[in-house]
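Novice: give me a 3D structure for the following:
(2 chains)
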Amino acid sequence: MIRIKRAHVLLAAVAAALCVPAAGVSAGSGLPTAIGKGEGQLNLVAWVGYTQAQWVKPFTKATGCTVHPKYAGSSDEMVTLMRSGGGSQYDMVSASGDASLRLIYGKDVQPVNVNLIPDWKNFIPQLKSPSHNTVNGQHYGVSLQWGPNTLLYNTKLVKPAPTSWSAIYSSKYKGKVTVPDNPIQIADAALYLSKSQPSLGITDPYELNQKQFDAAVTLLKKQRPLIKKYWATAADQIDLFKNGEAVIGATWPYQTNTLIADKVPVKDLIPKEGATGWADTWMLSAKAKHPNCAYMWLKWISTPKVQAQQAIYFGETPANPKACPIMDTLSKGSAAQYHCGASAAYFNSIKFWKTPVADCGNGQKNCMDYTQWQQAWTQLKG
Amino acid sequence: MNPRPGRPLRAARLRLSGFFWRHRWAKAALLLAPPLLAFGLIYLASLIALFVSSFWTVDPFTTEIKHIWTFDNYRTLWESSAYRSIALRTIGIAAAVTFTDALLAFPFGYFMARVASGRSRTFLFIAVLLPLWSSYLIRVYIWRLILNEDGVLNWTLAKLGLPLVHLAYTNWAVWIVFSYVWLPFMILPVFGALERIPHSYIEASRDLGASGWATFRRVVLPLALPGVIAGSIFTFSLTLGDYVTPLLAGGAGSQFIGNVVYSSVGISNNVPFAAAFATVPLAVMAVYLTIARRMGAFEAL
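Specialist: Numbering: from 1, shown residues only, chains lettered A, B, ... in the order given. All right, here's what the predicted structure looks like:
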């Protein structure tokens, strides 16, 4: 008897497995025109702080999709995670601009129908079809939030307050500096050099020829003895500032908010040279197993309230300006603090992360590509 | 229901055991087949796959693997001073950890084997093995708490009026943590080797007029050396392949071979380069094991 029962269960399981693709959003041809029934779960690759219980719990309650987040510390890690296990392990990724194109051209993500996301129409014009997630008119995901990489310092131990990125390259705080363990950090050095050494002629910190690249790497090599630790995770950097191992460094606003909440005397700012930054996109894996839940997530995460909650929690700017008034009701003054609904000029002042490629627009293919950035980064860390 | 359900099953079992009794080779083959298969398929095959993939390359933009034969990975390793210094740092710290552990383990193992007895020996055994019951990560994090700028060590030094030390996130911290974490793997083989020295040898040495130091140097040490070498295989290879301790306890200049391999695979998706760098510790271990075998370490394992 028992044996027969087992066989039945097995048959049922096989039948169920075969049925799943048929019940999915779309089977091959074209974009979906409606969102089907949820699959019960959703596997996300996300930046830390992007899947807080505050907005994930109500989502699960409303849709029945349980969210399993996996946090990544860098864009490179996100790309690798999206390819792990043949690409079907994760449904979505909150990719920044330096990962999104790599995922699109690597065929790791699939186009989405933005007409199924009602709030997409409300987004600021720059983030409706930005070049980092829209190729040939196809939308490979929906924009989420954006913001600058800032300069973080301990207000008690760093005096006078810094105004320039030069603070993390000067020996004044030797052994107390911490910067991200991320090759894209070379762009931060290039941005600083574009202002402090105009003769190098750097116009875009992600498009560097050999000479400009070497200058940035040399600057970072000189910075290396000043570094306490290259931080790999946000928690690492928070630890370093909490126990006084580091007093100044490059950060994301998330760490600043967490440290301030823990009563550590810190502040952050955009120095006078400007800042690099990110514009994130929720993208759908080409082999997503839970596409309906993924579309529900895209819809949910674009609504003004969730946009406002995430913006305040992480310290970034929502793509949906309808979130601005809600931000102020949740936390007074937060809309202005995080530049919600800011001018196009402010948006354009941030040098958003993008993948460095050899072809940098001058037709000569003489720029340094990302493999070279990665190798230079590993080598200068020593 | 069958009234005697066990009968045919029992007969079959007897026939089977009879077969194995008559054909000894079948028993050996059956027992050894799973581990040998695992060794062949999982270990050797993956080593070969690793070696083959080290001659491939990746597309710089999409980081997809391209099956083009090239020596570029090895050339980069050879020509770059940074990778050379990472390899030397890894080997150097592994050697330092091994030496430190040997120095610490010898007196401890000697006491356990030749002085302590009964209860105190059991207690010492537990003391050596107990840390292994807690997670490796916890033990590394505990050292971070001890070595931090305002950690336990500096707090104690300040209370004693001594100058403070700045060990957190340095190669010194990596060395200390590794020496602590791998110490049990050195103590146990050293203890085993020392315990096997018959007491009569030492008495004979005394009777022949050798001083305590001479007995130690010419009787105890040579007989215990295979144990030390056996332990060193553990401490050296474990340090050589680790990347967690350098990541957590190390600072700006603490990359190990393992860290470069980890970031090449897990972050930049450059598996071919990782494979090329991973052959370096393999080669080092092959040389090390050859020397260890010459010195009789495998008899002491």
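Novice: pLDDT of stretch A:334-341, averaged?
Specialist: For stretch A:334-341, the mean per-residue pLDDT is 87.
Novice: which outside residues touch that stretch?
Specialist: With CB atoms under 8 Å, 6 or more residues apart in numbering or on different chains as the test, stretch A:334-341 has contacts from A:124, A:147, A:253, A:311-312, A:315-318, A:321, A:323-325, A:327-328, A:346. For glycine as for every other residue, the C-beta is placed from the backbone atoms N, C-alpha and C.
Novice: show me where the stretch 151-300 of chain B has helices.
Specialist: Remark: helices assigned in the stretch 151-300 of chain B by DSSP state H, counting those that start in this stretch are B:152-159, B:171-195, B:199-207, B:212-215, B:221-241, B:244-249, B:257-266, B:271-294.
Novice: and for B:Ile48, the neighbour number?
Specialist: 10 (other CB atoms under 10 Å in any protein chain shown).
Novice: the strand of greatest length in chain A pairs with which strands, parallel or anti?
Specialist: For chain A, the longest strand by residue count, based on DSSP state E, is strand A:275-285. Partners of strand A:275-285 in the sheet, by DSSP bridges, are strand A:92-95 (antiparallel), strand A:109-110 (antiparallel), strand A:142-148 (antiparallel), strand A:350-352 (parallel).
Novice: picking that back up, of the contacts of stretch A:334-341, grab the buried ones for ChimeraX.
Specialist: A single ChimeraX command selects the buried members of the contacts of stretch A:334-341 (16 or more other CB atoms under 10 Å in any protein chain shown):
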select /A:124,147,253,311,312,315,316,317,318,321,323,324,327,328
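Novice: residues in a beta bridge with the residue in the stretch 201-350 of chain A positioned nearest to chain B, which ones?
Specialist: Per CB to the nearest CB, the residue of the stretch 201-350 of chain A with the smallest distance to chain B is A:Ile227, at 3.9 Å. Here A:Ile227 sits in beta bridges with A:Val177, as judged by DSSP bridges.
Novice: I'd say it and A:Val179 touch.
Specialist: Yes. Using CB atoms under 8 Å, A:Ile227 makes contact with A:Val179 at a distance of 6.6 Å.
Novice: quick one: contacts for the residue of the stretch 201-350 of chain A closest to chain B?
Specialist: By CB under 8 Å, 6+ apart, A:Ile227 lies in contact with A:Gly175, A:Val177, A:Thr178, A:Val179, B:Gly251, B:Ala252.
Novice: ok, B:Leu50 next?
Specialist: Counting by CB under 8 Å, 6+ apart, B:Leu50 makes contact with B:Ala275, B:Ala278, B:Thr279.
Novice: of those residues, which is the nearest to A:Asp98?
Specialist: Minimum distance to A:Asp98 across these is 25.3 Å, recorded for B:Ala275 (CB to CB).
Novice: quick check: that closest one touching B:Thr57?
Specialist: No. The pair B:Ala275 / B:Thr57 is not scored as a contact, 11.2 Å apart, by CB under 8 Å.
Novice: between those two, which has more neighbouring residues?
Specialist: Set side by side, B:Ala275 and B:Thr57 show more neighbours around B:Ala275, with 21 against 17, by other CB under 10 Å.
Novice: show me what contacts that one?
Specialist: B:Leu50, B:Phe51, B:Ser53, B:Ser54, B:Asn73.
Novice: excluding chain neighbours, give the residue nearest to B:Trp56 in space.
Specialist: The shortest distance from B:Trp56 to any non-neighbouring residue, by CB to CB, 6 or more residues apart in numbering or on different chains, is to B:Pro272 (4.2 Å).
Novice: again, but for B:Ser80
Specialist: Counting by CB to CB, 6+ apart, B:Ser80 lies nearest to A:Gln379, which is 5.8 Å off, once chain neighbours are set aside.
Novice: A:Arg83 now?
Specialist: Nearest in space to A:Arg83, with sequence neighbours left out and distances taken as CB to CB, 6+ apart, is A:Asp108 at 6.0 Å.
Novice: contacting residues for the one you found?
Specialist: Taking CB under 8 Å, 6+ apart as the criterion, A:Asp108 is in contact with A:Val79, A:Met82, A:Arg83, A:Gly87, A:Ser285, A:Ala286.
Novice: shouldn't A:Gln309 be in contact with A:Trp55?
Specialist: Yes. A:Gln309 is within contact range of A:Trp55, at 5.1 Å (criterion: CB under 8 Å).
Novice: domain map for chain A?
Specialist: Domain assignment for chain A, taken from automatic domain parsing, gives A:35-146+A:278-351, A:148-277+A:354-381.
Novice: comparing the helices of the stretch 151-300 of chain B by mean pLDDT, which bottoms out?
Specialist: Confidence, taken as mean pLDDT, is least for helix B:257-266 of the helices of the stretch 151-300 of chain B (a mean of 87).
Novice: that helix - contacts with which helices or strands?
Specialist: Helices and strands touching helix B:257-266, as assessed by 3 or more CB pairs under 8 Å, 6 or more residues apart in numbering or on different chains; DSSP states H and E, comprise helix A:75-83, helix B:81-110, helix B:244-249, helix B:271-294.
Novice: want to throw the ones you listed into a markdown table with distance to B:Leu9?
Specialist: Output for the helices and strands packed on helix B:257-266, formatted as a markdown table (distance: least, CB to CB, whole Å):
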| stretch | distance to B:Leu9 |
| --- | --- |
| helix A:75-83 | 51 |
| helix B:81-110 | 51 |
| helix B:244-249 | 50 |
| helix B:271-294 | 48 |
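Novice: so which of the ones you listed is nearest B:Arg15?
Specialist: Closest approach to B:Arg15 among these (CB to CB): helix B:271-294, 44.3 Å.
Novice: can you pull the phi/psi pair for the closest residue to A:Tyr230 other than its chain neighbours?
Specialist: By the measure of CB to CB, 6+ apart, the closest residue to A:Tyr230 outside its immediate chain neighbours is A:Asp181, 3.7 Å from it. Backbone torsions for A:Asp181, taken as degrees, to the nearest 10, come to phi -90, psi 80.
Novice: next one, pLDDT for A:Asp181 please.
Specialist: With respect to pLDDT, A:Asp181 scores 91.
Novice: quick one: it and A:Ala234 touch, right?
Specialist: No. Applying CB under 8 Å as the test, A:Asp181 and A:Ala234 come out as separate, 11.7 Å apart.
Novice: tell me, what's touching those two both at once?
Specialist: What both A:Asp181 and A:Ala234 touch, as defined by CB under 8 Å, 6+ apart, is the set A:Gly73.
Novice: who has more neighbours, the two?
Specialist: Taking neighbours as other CB under 10 Å, A:Asp181 and A:Ala234 compare with A:Asp181 leading, 22 against 19.
Novice: okay, and the common contacts of B:Ala275 and B:Thr57?
Specialist: Residues touching both B:Ala275 and B:Thr57 by CB under 8 Å, 6+ apart: B:Asn73.
Novice: helices of the stretch 101-250 of chain A, start to end?
Specialist: With helices called from DSSP H, counting those that start in this stretch, the stretch 101-250 of chain A shows them at A:185-196, A:210-223, A:234-242.
Novice: please identify the most buried of those.
Specialist: Greatest average neighbour count among these goes to helix A:185-196 (a mean of 22), per mean count of other CB atoms under 10 Å in any protein chain shown.
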